[in-house]
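1. sequence unknown, structure follows:
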């Protein structure tokens, strides 16, 4: 049965098999691929690989700083955890999934950090029926993602670490330092030592800074890498187009992505995010997250709207309507900044012969 969101190791299984079959470089203990092959899996390569007599293309999956990818891989090969930080929607989670899929073929060993996350959620808990019947035996223990990672020598992903209470965060300190997990209920045998290959990839949004600030002791046990938004408008448009095409295909809709509308959307998001237009004019920045992921969502929702309620062609009215919803998500007053952008920038571009910008401006009545 098809999954709405397949695991990375399932989605790119053929590429991973091809890379593993052709990988002759040194590997850290328990890694499925060498650091070179992990890098190739994430950023792609032009030359195809041979697998059982067939050529396999290795596509680029992460668009950003290639040096950041290399540093992340080196960190995971060492004894420090990896912390990916950045604005929401900058593909931190996707990068952690890709790293896990390439290194240990398991991206599902994950903790989703929330305010309700408890220490037993990440380490281990008990099957209380078995605990009462047999006492604290291994059979009664229910391993959490951290336990699984240490026992099997694989990566543990920790999403939104700073959303967790500080006492839960600090429970990672001994694990990252000594690579040991204490299980007091087992008595003298209650020590789990991590197998080679174990490490932690954590993510955190810079917008959550101050919610549950990490302690200095925990910070010292991670190497921090900042994932920045994409600066190139053409590259951002390419990502929007490819992601929307994939999402529409997964929804059973024949993708018909309008490149001119995608380019317009990428430009709008880039300019509102940076606070300056292509002409160098300063504009007000909304407080909402103007990420590539949000741009993908705006076009995808507009395309779904067109498919179910229209002729299949994305209409500017729908695009502006979903854009305004994104802008007003954090602060409804930000709609005034979007109106100002339409009045000063979009109108001018429509007047100099930009037909798509003219249509975009004419849909401004959807800004409510």
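-> That came in fine, so what should we check first? Since this is a predicted model, take the numbers as computed values, not measurements.
2. where along the protein do the strands fall?
-> Remark: strands of the chain, listed N- to C-terminal, are 45-51, 54-58, 81-86, 110-112, 124-126, 141-143, 155-159, 180-182, 191-193, 199-205, 222-226; assignment by DSSP state E.
3. tell me which residues in stretch 184-195 are buried?
-> Buried residues in stretch 184-195, counting neighbours by 16 or more other Cβ atoms under 10 Å, are found at 192, 194. Yep, even glycine has a C-beta here, placed from its N, CA and C like the rest.
4. How far off centre is it?
-> What separates the centre of stretch 184-195 from the centre of its chain is 34 Å, taken as Cα atoms, centre = their mean, to the nearest Å.
5. Any idea how many residues pack against the nearest residue to residue 267 once chain neighbours are set aside?
-> With sequence-adjacent residues excluded and distances taken as Cβ to Cβ, 6 or more residues apart in numbering, residue 267 is closest to residue 233, at 5.6 Å. Using other Cβ atoms under 10 Å, the number of residues around residue 233 comes to 16.
6. residues in contact with residue 233?
-> Contacts of residue 233 were listed using Cβ atoms under 8 Å, 6 or more residues apart in numbering, and they are 263, 266-267, 270, 278.
7. So it versus residue 191, what's the distance?
-> According to Cβ to Cβ, to the nearest Å, residue 233 and residue 191 sit 54 Å apart.
8. Ok, residue 269 next?
-> Here residue 269 is placed at a distance of 51 Å from residue 191 (Cβ to Cβ).
9. before we move on, what about residue 164?
-> 24 Å.
10. Could you do residue 358 as well?
-> From residue 358 across to residue 191, the span is 70 Å (Cβ to Cβ).
11. swap in residue 180?
-> From residue 180 across to residue 191, the span is 6 Å (Cβ to Cβ).
12. From the contacts of residue 233, list the buried ones, please.
-> 263, 266-267, 270.
13. In stretch 270-282, which residues are buried?
-> In stretch 270-282, the ones that count as buried by 16+ other Cβ under 10 Å are 270-273, 277.
14. what's the spacing between the residue nearest to residue 337 when sequence neighbours are not counted and residue 266?
-> Spatial nearest neighbour of residue 337, chain neighbours left out: residue 284 (4.1 Å); criterion: Cβ to Cβ, 6+ apart. According to Cβ to Cβ, residue 284 stands 19 Å off from residue 266.
15. what does residue 114 give?
-> For residue 114 relative to residue 266 (Cβ to Cβ), the value is 32 Å.
16. cool, and residue 198?
-> 40 Å.
17. Could you do residue 304 as well?
-> Relative to residue 266, and taking Cβ to Cβ, residue 304 is found at 19 Å.
18. swap in residue 238?
-> Noted for residue 238: a distance of 9 Å to residue 266, by Cβ to Cβ.
19. quick one: low-confidence ranges for the protein?
-> Counting by pLDDT under 70, the chain has low-confidence residues at 1-2, 209-211.
20. Now for the residue nearest to the spatial centre of it: which residues touch it?
-> Among the residues of the chain, the one closest to the centroid is residue 93, at 2.6 Å (Cα atoms, centre = their mean). For residue 93, the contact set (Cβ under 8 Å, 6+ apart) comprises 159, 203.
21. Look up how far residue 232 lies from residue 239.
-> Applying Cβ to Cβ, the value for residue 239 to residue 232 is 10 Å.
22. Neighbour count for the two, which is higher?
-> The residue with the greater number of neighbours, taking residue 239 and residue 232 and applying other Cβ under 10 Å, is residue 239; the counts read 21 against 12.
23. isn't the more buried one right up against residue 63?
-> Yes. Shown here, residue 239 and residue 63 form a contact pair, counting by Cβ atoms under 8 Å, at 5.5 Å.
24. anything in contact with each of those two?
-> Common neighbours of residue 239 and residue 63 (criterion: Cβ under 8 Å, 6+ apart): residue 230.
25. quick one on the thing from earlier: what residues are up against the residue nearest to residue 337?
-> Taking Cβ under 8 Å, 6+ apart as the test, what residue 284 contacts is 275, 337, 340-341.
26. for residue 304, same thing?
-> 248, 251, 253.
27. try 7 Å
-> Residue 304 makes no contacts at all, as judged by Cβ atoms under 7 Å, 6 or more residues apart in numbering.
28. what do you get for the one 3 residues further on?
-> Shown here is residue 307, whose contacts under the criterion Cβ under 7 Å, 6+ apart are residue 253.
29. And for residue 176?
-> 81, 200, 221.
30. how about 6 Å then?
-> When contacts are counted by Cβ atoms under 6 Å, 6 or more residues apart in numbering, residue 176 touches 81, 221.
31. what do you get for residue 229?
-> When contacts are counted by Cβ under 6 Å, 6+ apart, residue 229 touches residue 90.
32. hang on, isn't residue 225 packed against residue 68?
-> Yes. Using Cβ atoms under 6 Å, residue 225 makes contact with residue 68 at a distance of 5.5 Å.
33. Tell me which of the two has more neighbours.
-> In this comparison of residue 225 against residue 68, neighbours counted by other Cβ under 10 Å, the higher total goes to residue 225 at 19 against 16.
34. where along the stretch 151-300 of the chain do the helices fall?
-> Counting by DSSP state H, counting those that start in this stretch, the segments of the stretch 151-300 of the chain that form helices are 166-170, 173-178, 216-219, 233-250, 259-274, 292-309.
35. out of those, nearest to residue 316?
-> When the helices of the stretch 151-300 of the chain are ranked by proximity to residue 316, the top entry is helix 259-274, at 8.0 Å, counting by Cβ to Cβ.
36. orientation of the closest one relative to helix 292-309 in degrees?
-> In terms of direction (axes from the mean of the first three to the mean of the last three Cα atoms, to 10 degrees), helix 259-274 departs from helix 292-309 by 140 degrees.
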